[in-house]
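Chemist: return a 3D structure for these sequence lines:
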Amino acid sequence: MNSHLVRDLDSLRKRLLTLATRVEENMLKSVRALRSMSEAMADEVVVSDKLIDSLEVDIEEECMKILALHQPVASDLRFVVTVLKINGELEHIGDVAANMAKRVGYIRAEEKAEIPFDFETMTTRTVYMLKTAIDSFLRQDSALALGVCSDDEIVDSANRQCYSKVRRIISENPKSAMLCINWLLVSKSLERIADMCTNIAEDVIYMRHSIIARHNISAAAKQVRSDSDNSVYPG
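Modeler: Model prediction:
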């Protein structure tokens, strides 16, 4: 590998880490804004999302430049493609976190009532999935990535329970409909973020093992374990 490509790939990795850090910070701040019902903090999330958008564009342009100038192959090509895909997922997570923060104003306007899902468990799990997905990329750790994929069902299940509970609450008290719908949108946002974290984890598996995991994660997990046992990774 030539020294210029090594330098550019390292720079690309650092740029993606910067974006990931910003997205994780915004996600945490969005959760705190909902927990405290702080409109000021929610506004900070929305404003910060513009920086995330700018970072995403810069990384995409850098990926295009590397592909054009160096024409990488094998593991280097998979690395650039993976960065390009993760870059898009992180930007989408930033958007969803900002939309989630916007719910604060609507929820504050309604009469205070019980949150129709386990907010703490769902947010804690989703934040953990985001952090772990990013760590799996930085460490190129397929075991961490597989753990993220497994955790997705926990968040999906919590979101389904929220739908069921919202239906019951609204049928018993129609006046609570707007409040419940806004909390339902928060729950759905968390479920979407968990899905995007899973996508990142699947991209890491592709980068590390050249396996497309998104349509059959169990088969991918079996192959990852086999590769790990044999210490064989595609070049």
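
Chemist: hey, let's count contacts and neighbours off CA atoms from now on
Modeler: Fine.

Chemist: what segments of the chain are helices?
Modeler: Secondary structure of the chain by DSSP state H: the helices cover 3-36, 39-70, 74-108, 119-139, 142-172, 177-209, 217-230.

Chemist: average pLDDT across the longest one?
Modeler: The reference is to helix 74-108. Averaged across helix 74-108, pLDDT comes to 96.

Chemist: now do that helix and helix 3-36, the angle between them.
Modeler: If you take axes from the mean of the first three to the mean of the last three CA atoms, to 10 degrees, helix 74-108 sits at 20 degrees to helix 3-36.

Chemist: now render the helices of the chain as CSV, adding mean neighbour count.
Modeler: Below are the helices of the chain laid out as CSV (neighbours: other CA atoms under 10 Å):
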stretch, mean neighbour count
helix 3-36, 18
helix 39-70, 17
helix 74-108, 21
helix 119-139, 20
helix 142-172, 18
helix 177-209, 24
helix 217-230, 15
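
Chemist: which stretch in the ones you listed is the model least sure about?
Modeler: Taking the mean pLDDT of these, helix 217-230 comes last: a mean of 74.

Chemist: from the centre of this protein, point out the most distant residue.
Modeler: Outermost residue of the chain with respect to the C-alpha centroid, by CA atoms, centre = their mean, is E172; its distance is 35.0 Å.

Chemist: so who does R103 touch?
Modeler: Shown in contact with R103 (CA atoms under 8 Å, 6 or more residues apart in numbering): 34, 182-183, 186.

Chemist: now do 10 Å
Modeler: For R103, the contact set (CA atoms under 10 Å, 6 or more residues apart in numbering) comprises 30, 33-34, 37, 39, 42, 179, 182-183, 185-186.

Chemist: then E114?
Modeler: 179-180, 183.

Chemist: which one among the residues you listed gets closest to D135?
Modeler: Using CA to CA, W183 comes nearest to D135 of the contacts of E114, at 29.5 Å.

Chemist: could you dump the contacts of E114 into JSON lines and include distance to A220?
Modeler: As requested, those are exported to JSON lines (distance: CA to CA, whole Å):
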{"residue": "L179", "distance to A220": "41"}
{"residue": "C180", "distance to A220": "38"}
{"residue": "W183", "distance to A220": "35"}
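
Chemist: with L9 as the reference, measure out to the residue most central in space within the chain.
Modeler: Per CA atoms, centre = their mean, the C-alpha nearest to the average position across the chain is that of C197, at 3.5 Å. Using CA to CA, to the nearest Å, one obtains 23 Å as the distance from C197 to L9.
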